[in-house]
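Enquirer: coords please:
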Amino acid sequence: MTFPTYRWGWAPEGLATRRQLAARGLTPGRQPIAAEIVWRYRRRDGVRRPTRVAYLYRLDLAVLKRAATTAQMAALAKAMRVRRTCPTCRRDIGYCLPHHWTACLDCQDTADQPHDTQTSAA
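Expert: Next comes the predicted model:
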């Protein structure tokens, strides 16, 4: 499929990306892609990166996002509570535990401390 293609910053009024729609509380719905923005960029060290594309949708055909139900919000809250619970001390640590960590920072600090065992030299 071919779409009208615009350079970065040159798209006409009335078109928006998915993120721009989401910022307004909208979603594209089932409308087709209206146009695209194509750009190439360089990293700070001058290495050229591949071409990037962002699809554009018409604002007048966008629909309001559906609100989550009470049950969905309760399920999300439960899932986040599980991600914030330390498996070692079983308390809510206030942040999501990364998958590669086996315990919260407090539990890891106590596990890393050397044991105070005094050996008597004979």
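
Enquirer: phi, psi of the residue nearest the centre of the chain?
Expert: Geometric centre of the chain, nearest residue: residue 19, 12.1 Å, by CA atoms, centre = their mean. Backbone torsions for residue 19, taken as degrees, to the nearest 10, come to phi -70, psi -40.

Enquirer: buried stuff in stretch 80-89?
Expert: residue 86 (16 or more other CB atoms under 10 Å). In short, each C-beta sits where N, CA and C put it, glycine included.

Enquirer: ugh, wrong one, stretch 35-55
Expert: Buried residues in stretch 35-55 (16+ other CB under 10 Å): 35, 36, 37, 54.

Enquirer: what domains does the record give for this structure?
Expert: 5-64, 70-112 (automatic domain parsing).

Enquirer: In CSV, list these along with mean pLDDT.
Expert: CSV is the format used below for the domains of the chain (pLDDT from 0 to 100):
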stretch, mean pLDDT
domain 5-64, 92
domain 70-112, 90
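
Enquirer: so residue 43 makes contact with residue 49?
Expert: Yes. Using CB atoms under 8 Å, residue 43 is in contact with residue 49, at 6.4 Å.

Enquirer: so residue 60 sits in a helix?
Expert: Yes. Inclusion of residue 60 in a helix is indicated when DSSP: H, G, I helix; E, B strand; the rest coil is applied.
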